[in-house]
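Asks: sequence and predicted structure, then a few things I'm wondering about:
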Amino acid sequence: MLKVNDYFAGKVKSIGFDAASTGRACVGVMEAGEYTFTTGQPEEITVVSGVLKTLLPGANDWQVFMPGESFYVPAHSEFCLQLAETSSYLCRYLSHSR
C-alpha cells in the first residue's frame, strides 16, 4: 500500500511504500527552500536529482550531496536541508543503527 505525505505547506511530498526486498522506504520531491526534519528511526537518504546541502546531527559544517550520493541520519535526531532547486530523494528507513 502506498502512503502519500505532504509537508511544509505542500513544498515537500513523498510516497511511502514497503518493499519485500529492502523494507520500508519513501521517494519524494522538495521544492527549493530550507527545511528541518526529525527522525523516528535511522534513515539512509539518497539524492536522486538536484543537490542537498545538509547539516547532519552533531556536525558543525554543511555537506553537499549530489545525485547518487547517500547520507545517514540516526534515530531520534534532527537534520537541516537547503535546496537551491527542486530536488528528489529516496529515503530508506533502517531497522538498526549504524
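Replies: Ah, there it is.
Asks: any weak-confidence spans in this structure?
Replies: For the chain, applying pLDDT under 70 flags the ranges 96-98.
Asks: which of the residues in the helix or strand harbouring Tyr72 are buried?
Replies: In this structure, Tyr72 is located in strand 70-73 according to DSSP states H and E. For strand 70-73, the neighbour count (16 or more other CB atoms under 10 Å) marks Val73 as buried. Placement of C-beta: from N, CA and C, glycine included.
Asks: which elements pack onto it?
Replies: If you count contacts as 3 or more CB pairs under 8 Å, 6 or more residues apart in numbering; DSSP states H and E, strand 70-73 packs onto strand 43-49.
Asks: what sits up against the strand it packs on?
Replies: For strand 43-49, contacts defined as CB atoms under 8 Å, 6 or more residues apart in numbering pick out 27, 52, 65-73, 87-94.
Asks: drop anything exposed from those residues.
Replies: Using 16+ other CB under 10 Å, the buried members of those are 52, 65, 73, 87-94.
Asks: of these, closest to Met1?
Replies: Tyr93 (15.3 Å; CB to CB).
Asks: any idea what the residue nearest to the closest one when sequence neighbours are not counted is bridged to?
Replies: Distance criterion CB to CB, 6 or more residues apart in numbering; nearest residue to Tyr93, sequence neighbours excluded, is Arg24 at 4.4 Å. The bridge-partner assignment for Arg24, based on DSSP bridges, gives Asp18.
Asks: how far away is the nearest residue to Gly50 once chain neighbours are set aside from Tyr72?
Replies: Computed as CB to CB, 6+ apart, the closest residue to Gly50 that is not its neighbour in sequence is Ser87, at 2.5 Å. The gap separating Ser87 from Tyr72 is 18 Å, by CB to CB, to the nearest Å.
Asks: many thanks, we can stop here.
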